[in-house]
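[1] got a sequence here, can you build the structure:
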Amino acid sequence: MRKPWLYFLCYLSICFPAFSAENLSLGKISTAQTQAIFNFYDYHGEKDYLMLPSYLYPPIYFSYLPSDFAKITDENTRNSLFIKILAPLALRLNQEILQEQKKLSDIANSFKQNNDLNQTEQQTLENLAKKYDVFTRFDGYRRQKILINELIQKIQVIPPSILITAAAIETNWGSSRPATQGNSLYKTILWHTSEGLKPNGETQDDSYRLKTYPSLYASMQEFALKINSSLKYKDFRVFRHKLLDRGSLLLGSKLAPYMIWNSPLSNYAGIFEYTLSYYELNVIDKSVLDSKIISRKLPPELQKLTL
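    Below you'll find the model as predicted:
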């Protein structure tokens with residue numbers, strides 16, 4: 001009998017197309033240039049950031065927030081831009097997770113048929129187990145079975161609304177110094193090192209730094225991996241698995257209460273649920289990337305801004 005998670009994998013394989021070569025990658029540009037590109041591709045929707053009724057987002061990938069992003073004084077403009085910048089990155093990240101999920105699915109099917117894995121499959125399984133922090137002392141058949149079963153629960157997509165809401169709260173909608181200077185969307189702390197951003201006016205403690213990233217996507221990747229591997233998000237993953245077993249659509253509003261351990265604030269879960277709901281970010285959870293949106297070539301003055 002086919003497992004419910006395999007039905008869900010097939011569903012996502014249809015709904016989330018594979019990576020397309022047709023995407024737009026942008027480096028350090030200004031808010032005005034960002035708006036010009038969005039206007040050219042008519043990247044607007046309800047509330048300026050919910051792509052309704054199409055549920056289609058353009059694969060426009062920003063490496064950094066706009067250079068003058070923190071200077072935006074209008075809250076609606078800033079928050080809208082923040083969502084529009086992060087939404088394609090979150091959808092892209094789920095495509096990446098689905099590719100790993102497909103690898104695991106192939107391994108699981110091979111294991112079911114042969115009760116064993118070949119050397120290549122075994123190495124791929126071990127690499128995934130290391131990445132997602134899955135460990136067992138067993139060897140052979142029992143080891144392979146345990147690793148596969150654990151990874152099935154861990155290698156699953158994360159609703160984009162969860163990734164965007166967490167980043168919005170942690171960075172004050174992209175205006176924080178770690179976000180604008182270090183591409184840090186989730187404020188990761190490094191202890192006893194000189195690498196990263198030195199805290200500025202936050203504390204007299206000089207024993208830690210704020211981790212920086214080469215891109216916004218790298219920061220989001222690390223946070224998603226933490227959700228899919230860290231012990232403190234186990235309840236999140238268990239409930240997500242139950243939703244998938246029931247054939248439910250993964251929506252951030254259903255999983256938001258399980259983000260309580262993402263912050264020491266006693267009211268964090270409430271803030272998280274309110275933010276996600278107020279901005280209707282569940283819409284993005286139902287959306288996909290569509291390269292046809294950016295099929296027109298940018299005019300020369302904007303084309304030079306691409307990577």
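[2] pLDDT at the residue most central in space within the chain, what is it?
    Nearest to the mean C-alpha position of the chain, counting by C-alpha atoms, centre = their mean, stands Ala90 at 4.0 Å. Turning to Ala90, the model gives it a pLDDT of 98.
[3] what about the closest residue in space to it that isn't next to it in sequence, how many neighbours?
    Take Ala90 and drop its neighbours on the chain: the residue closest to it by C-beta to C-beta, 6 or more residues apart in numbering is Pro160, 3.5 Å away. In this view, the C-beta of every residue, glycine as well, is placed from N, C-alpha and C. Neighbourhood size, Pro160 [other C-beta atoms under 10 Å]: 29.
[4] Pro160 touches Asn282, doesn't it?
    No: between Pro160 and Asn282 there is no contact under C-beta atoms under 8 Å: 9.4 Å.
[5] between the two, what contacts are shared?
    Contact criterion C-beta atoms under 8 Å, 6 or more residues apart in numbering; residues shared by Pro160 and Asn282: Gly252.
[6] buried stuff in stretch 260-268?
    Ile260, Asn262, Ser263, Tyr268 (16 or more other C-beta atoms under 10 Å).
[7] contact partners for Gln144?
    Phe111, Asp116, Leu117, Gln122, Leu125.
[8] name the helix or strand for it, please.
    helix 140-154 (DSSP states H and E).
[9] picking up where we left off before, need the three-state assignment for the residue nearest to the centre of the chain.
    helix (DSSP: H, G, I helix; E, B strand; the rest coil).
[10] go on, the one 5 residues further on?
    Secondary structure, three-state DSSP: Gln95 is helix.
[11] try Lys102
    Under the three-state scheme (three-state DSSP), Lys102 adopts helix.
[12] how deep is it tucked in, by neighbour count?
    For Lys102, using other C-beta under 10 Å, the count is 15.
[13] tell me the pLDDT at it?
    97.
[14] what does Thr203 give?
    57.
[15] the host helix or strand of Ser219 vs helix 140-154, what angle?
    Under the criterion of DSSP H and E, Ser219 resides in helix 216-229. Here helix 216-229 runs at an angle of 120 degrees relative to helix 140-154 (axes from the mean of the first three to the mean of the last three C-alpha atoms, to 10 degrees).
[16] and helix 216-229, what's its mean pLDDT?
    Mean predicted confidence for helix 216-229 is 98.
[17] which residues sit against that helix?
    61-65, 85-86, 89-90, 92-93, 96-97, 131-133, 154-156, 158, 162-163, 166-167, 183-186, 188, 213, 233, 236-237.
[18] can you give me the strands for this protein?
    Ranges of strands in the chain, per DSSP state E, are 24-26, 56-57, 60-62, 189-191, 208-210, 288-289.
[19] CA atoms only for stretch 260-276, dumped as PDB, please.
    The C-alpha trace of stretch 260-276 is given here as PDB (Å, rounded to 0.1, in the frame of the first residue of the first chain):
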ATOM      1  CA  ILE A 260       6.800  28.800  20.000                       C
ATOM      2  CA  TRP A 261      10.300  27.600  20.700                       C
ATOM      3  CA  ASN A 262      11.700  30.000  18.000                       C
ATOM      4  CA  SER A 263      11.900  32.800  20.600                       C
ATOM      5  CA  PRO A 264      12.100  33.100  24.400                       C
ATOM      6  CA  LEU A 265       9.200  35.700  24.300                       C
ATOM      7  CA  SER A 266       6.200  34.400  26.200                       C
ATOM      8  CA  ASN A 267       3.800  35.800  23.600                       C
ATOM      9  CA  TYR A 268       5.900  34.900  20.500                       C
ATOM     10  CA  ALA A 269       3.400  32.200  19.200                       C
ATOM     11  CA  GLY A 270       0.600  34.800  19.400                       C
ATOM     12  CA  ILE A 271       2.600  37.400  17.600                       C
ATOM     13  CA  PHE A 272       3.600  34.800  15.000                       C
ATOM     14  CA  GLU A 273       0.000  33.700  14.300                       C
ATOM     15  CA  TYR A 274      -1.300  37.300  14.200                       C
ATOM     16  CA  THR A 275       1.400  38.400  11.700                       C
ATOM     17  CA  LEU A 276       0.800  35.500   9.400                       C
END
